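>>> build the 3D model from these lines:
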Amino acid sequence: MSLGAHLVELKRRLLIGAIALVVGMVVAFIVTDPVLRLITEPIRIVAESRGEGSAVELAFSSVTAGFDLRLRMSFAIGLLISAPVWIWQVWAYIMPGLTRKEIRYTIGFVAAAVPLFFAGCATGLYVMPNIVSLMATFVPEGAAAFYDAIYYYDFVFKLLLFVGVAFVLPVFLVALNLAGIISGRAILQGWRLAIIIAVVFASLATPPADIATTLLLAGILTMLFFAAAGLSMLFDRRKAKRDAAFLSSEAPE
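Okay, the predicted model is just below:
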């Protein structure tokens, strides 16, 4: 295809993806209420723990704050709903320029990364009430705890995104190994730092008294790291065997 044809194709793919996103946002706008009830459950837990008479509420600090919050939620949920469409448009655009081996690697990467990302988001949603409850303990007795709606949503969204990406990082390590940037042995040599990071992250994401949840989250992150290191070392071994076979076949008799 010529450059002009590529640009026309790109424009068409972007338009289809944008339409799918808008449709997803319209659908998502309808379901923002149950999602909002789900993510604000920790605030109700804090209110119950502080007892009657304590002011613990979700606050909307401006006239348009309610609409702004729904718009942000609609965009995030709509992006998720329309993901099959716009991901396919991106894939259909770049696939003709990939080799068969690159296509196979890309499919494997997506097949591993997507479930891990959603598993990370689910884990973040699970530990979120613990984080909110822990932070609420620093509010002085008798003081009001008003959670700004926009800020609170940004906190929840970033938390889920951060934990989701943390779960996908081992897949990126394997991808870097397949690209020849880092070896499996080099990944494994960082196991001490990986365990420390996993434990620190799990400790921050769970209340101090909940040792079981802390160990569970740290264990999941650690196992994902060692799985990535093991796969990378396996790929390195296969690559070394192929290289040795190639050199032996090229050697003069």
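
>>> CA atoms for contacts and neighbours, from now on please.
OK.

>>> all strands for this protein, in order.
Counting by DSSP state E, one finds strands in the chain at the ranges 56-59, 145-148.

>>> ranges for the helices of this protein?
Shown for the chain, the helices assigned by DSSP state H span residues 3-30, 32-39, 41-50, 65-81, 83-94, 100-136, 149-178, 184-189, 191-205, 211-250.

>>> buried ones in the fifth one, by neighbour count?
What it means is helix 83-94. Buried residues in helix 83-94, defined by neighbour count with 16 or more other C-alpha atoms under 10 Å: 83, 85-86, 89, 93.

>>> tell me the average confidence for it?
The pLDDT scores in helix 83-94 average 79.

>>> just the last one next, same as before
The pLDDT scores in helix 211-250 average 80.

>>> quick check: angle from that helix to helix 191-205?
Interaxial angle, helix 211-250 versus helix 191-205 (axes from the mean of the first three to the mean of the last three C-alpha atoms, to 10 degrees): 150 degrees.

>>> what packs against helix 211-250?
Judged by 3 or more C-alpha pairs under 8 Å, 6 or more residues apart in numbering; DSSP states H and E, helix 211-250 is in contact with helix 149-178, helix 184-189, helix 191-205.

>>> centre of the chain versus the shortest one, how much separation?
How far helix 184-189 lies from its chain's middle: 24 Å, per C-alpha atoms, centre = their mean, to the nearest Å.

>>> low pLDDT regions in the stretch 51-200 of the chain?
Within the stretch 51-200 of the chain, the segments meeting pLDDT under 70 span 52-54, 97-98.

>>> hmm, back to that, make TSV out of the strands of the chain and add mean neighbour count and distance to residue 186.
Shown next, in TSV, are the strands of the chain (neighbours: other C-alpha atoms under 10 Å; distance: least, C-alpha to C-alpha, whole Å):
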stretch	mean neighbour count	distance to residue 186
strand 56-59	18	47
strand 145-148	16	44
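
>>> now distance to residue 42 too, for those strands, in CSV please.
As requested, those are exported to CSV (distance: least, C-alpha to C-alpha, whole Å):
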stretch, distance to residue 42
strand 56-59, 11
strand 145-148, 11
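
>>> which of the helices and strands packed on helix 211-250 is buried the deepest?
helix 149-178 (a mean of 19; mean count of other C-alpha atoms under 10 Å).

>>> centre of the chain versus that helix, how much separation?
How far helix 149-178 lies from its chain's middle: 3 Å, per C-alpha atoms, centre = their mean.

>>> packing partners of that helix?
When contacts are defined as 3+ C-alpha pairs under 8 Å, 6+ apart, helix 149-178 packs onto helix 65-81, helix 100-136, helix 211-250.

>>> got the buried residues for the shortest one?
Neighbour counts using 16+ other C-alpha under 10 Å place 69-79, 81 of helix 65-81 among the buried residues.

>>> ditto for the last one
Buried residues in helix 211-250, counting neighbours by 16+ other C-alpha under 10 Å, are found at 213-215, 217-219, 221-222, 224-233, 235-236.

>>> what do you get for the second one?
With burial defined by 16+ other C-alpha under 10 Å, the residues of helix 100-136 counted as buried are 103, 106, 109, 113, 116-121, 123-125, 127-134, 136.

>>> distance between that helix and the chain's centre?
Worked out by C-alpha atoms, centre = their mean, helix 100-136 lies 4 Å from the chain centre.

>>> so what does that helix touch, helix or strand wise?
helix 41-50, helix 149-178, helix 191-205.

>>> so what's the one residue sitting closest to the centre of the chain up against?
Centroid check for the chain by C-alpha atoms, centre = their mean gives residue 164 as the closest residue, at 2.4 Å. For residue 164, the contacting residues are 116-121, 124, by C-alpha atoms under 8 Å, 6 or more residues apart in numbering.

>>> likewise residue 137?
Counted by C-alpha under 8 Å, 6+ apart, residue 137 has zero contacts.
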